[in-house]
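**Student:** just the structure for this:
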Amino acid sequence: MDYFEVKVRDVNFLVEPYIENDNLLFTTKVNGQEVLFGGTGEGLAAIDATNIDETLLEEIAAEIESHFM
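**Tutor:** Below is the predicted model of the structure:
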């Protein structure tokens with residue numbers, strides 16, 4: 001799958017989609033930390049992201065969903 005970019009708060013995030021165990025997942029770097037996004041049954045959300053603004057992660061997840069889902 002091809003990389004794509006989402007723009008949140010005037011910052012472009014390069015997103016890599018991939019499939020693992022039949023699940024569609026996405027990774028991107030946020031504040032220098034690689035963050036994994038995956039489906040929760042209620043939409044896309046960051047998985048095990050620490051010390052990163054929750055609102056920013058929610059905004060990134062929403063943008064990924066709008067581009068890919």
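
**Student:** now Glu42: which helix or strand?
**Tutor:** Glu42 is part of no helix or strand, with elements assigned from DSSP states H and E.

**Student:** and the gap between it and Asp22?
**Tutor:** To Asp22, Glu42 is 19 Å away according to C-beta to C-beta, to the nearest Å. (Glycine included, C-beta is placed from N, CA and C.)

**Student:** what sits against Gly41?
**Tutor:** Going by C-beta atoms under 8 Å, 6 or more residues apart in numbering, Gly41 touches no other residue.

**Student:** would you map the strands across the protein?
**Tutor:** Counting by DSSP state E, one finds strands in the chain at the ranges 4-8, 11-20, 23-30, 33-39, 44-47.

**Student:** of these, which stretch is the most buried?
**Tutor:** Neighbour counts (mean count of other C-beta atoms under 10 Å) averaged over each of these peak at strand 44-47, with a mean of 18.

**Student:** reformat the strands of the chain as TSV; add distance to Asp53.
**Tutor:** What follows is the strands of the chain, written out as TSV (distance: least, C-beta to C-beta, whole Å):
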stretch	distance to Asp53
strand 4-8	11
strand 11-20	12
strand 23-30	9
strand 33-39	11
strand 44-47	11
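
**Student:** which phi and psi does Arg9 have?
**Tutor:** Here is the backbone geometry of Arg9 (degrees, to the nearest 10): phi 50, psi 40.

**Student:** and it, what pLDDT?
**Tutor:** Looking at Arg9, its pLDDT is 96.

**Student:** please consider this matter closed, and thank you.
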